[in-house]
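Q: turn this into a structure:
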Amino acid sequence: FEVPATESHGAYAWNQTVDEVNVYVRCEVGTVAKKVRCVIRPSHVRLVAASVAREGEEVTLLDSDTVESLKPDESFWTLDSAAGSVHLTLQKAQEGKSWPGVFRGHGGDLDGTARESEQKRLLLERFQLEHPGFDFSGAEINGAVPDASTFMGGFNRPQ
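A: The predicted structure is shown next:
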């Protein structure tokens with residue numbers, strides 16, 4: 001899902017799995033990792049990078065509250081300097097929960113149809129993780145899609 005840049009944040013794209021949210025934030029090509037600062041808290045992310053084009057300046061790429069809670073100690077970031085992209089991997093505090101967006105007030109939240117489709121995809125991903133010997137790729141869910149994080153007692157990943 002794509003979110004365009006505004007005055008308060010840079011452009012980014014995002015997707016999610018059962019246990020994480022991946023955010024791909026655009027930065028200047030040639031940005032170096034030692035000039036990137038990323039602070040991940042349970043409900044807030046701040047991402048700042050030194051400008052390549054304007055020496056001595058910093059660019060705030062993100063400084064926003066998340067729509068759901070996350071696990072900061074299990075979250076991390078990587079930089080693709082050649083592509084001009086910072087990849088944030090945010091671990092969800094509640095495994096299986098479908099996020100309607102990533103950051104509060106950014107827009108880019110999923111509409112009703114996309115949200116239901118995403119919930120269905122996460123539920124099937126959860127079933128696949130819980131039952132690795134079965135193939136759920138052709139499975140259909142009729143009616144309202146339950147929340148993958150709470151359906152049938154919650155997520156039970158095999159040990």
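
Q: after the lengthiest strand in the chain comes which helix or strand?
A: Scanning the chain for the strand with the most residues, using DSSP state E, yields strand 70-80. Sequence order places strand 85-92 as the next helix or strand after strand 70-80, per DSSP states H and E.

Q: make sure residue 122 is indeed in a helix.
A: Yes. Per DSSP: H, G, I helix; E, B strand; the rest coil, residue 122 lies within a helix segment.

Q: hmm, it is touching residue 95, no?
A: No. Checked against C-beta atoms under 8 Å, the pair residue 122 and residue 95 is beyond contact range at 10.0 Å. C-beta coordinates here come from the backbone N, C-alpha and C atoms, glycine included.

Q: and for these two, which residues touch both?
A: When contacts are counted by C-beta atoms under 8 Å, 6 or more residues apart in numbering, the set common to residue 122 and residue 95 consists of residue 18.

Q: between these two, who's got more neighbours?
A: Using other C-beta atoms under 10 Å, the more surrounded residue of residue 122 and residue 95 is residue 122, with 22 against 18.

Q: for the nearest residue to residue 19 once chain neighbours are set aside, give me the pLDDT.
A: Nearest non-adjacent residue to residue 19, counting by C-beta to C-beta, 6 or more residues apart in numbering: residue 95, 4.9 Å away. Listed pLDDT for residue 95 reads 91.

Q: distance of residue 95 relative to residue 65?
A: 21 Å (C-beta to C-beta, to the nearest Å).

Q: so, low pLDDT: which residues of this structure?
A: 107-108, 159 (pLDDT under 70).

Q: host element of the residue nearest to residue 19?
A: Using DSSP H and E, residue 95 sits within no helix or strand.

Q: kindly report the same for the one 4 residues further on.
A: For residue 99, there is no enclosing helix or strand under DSSP H and E.
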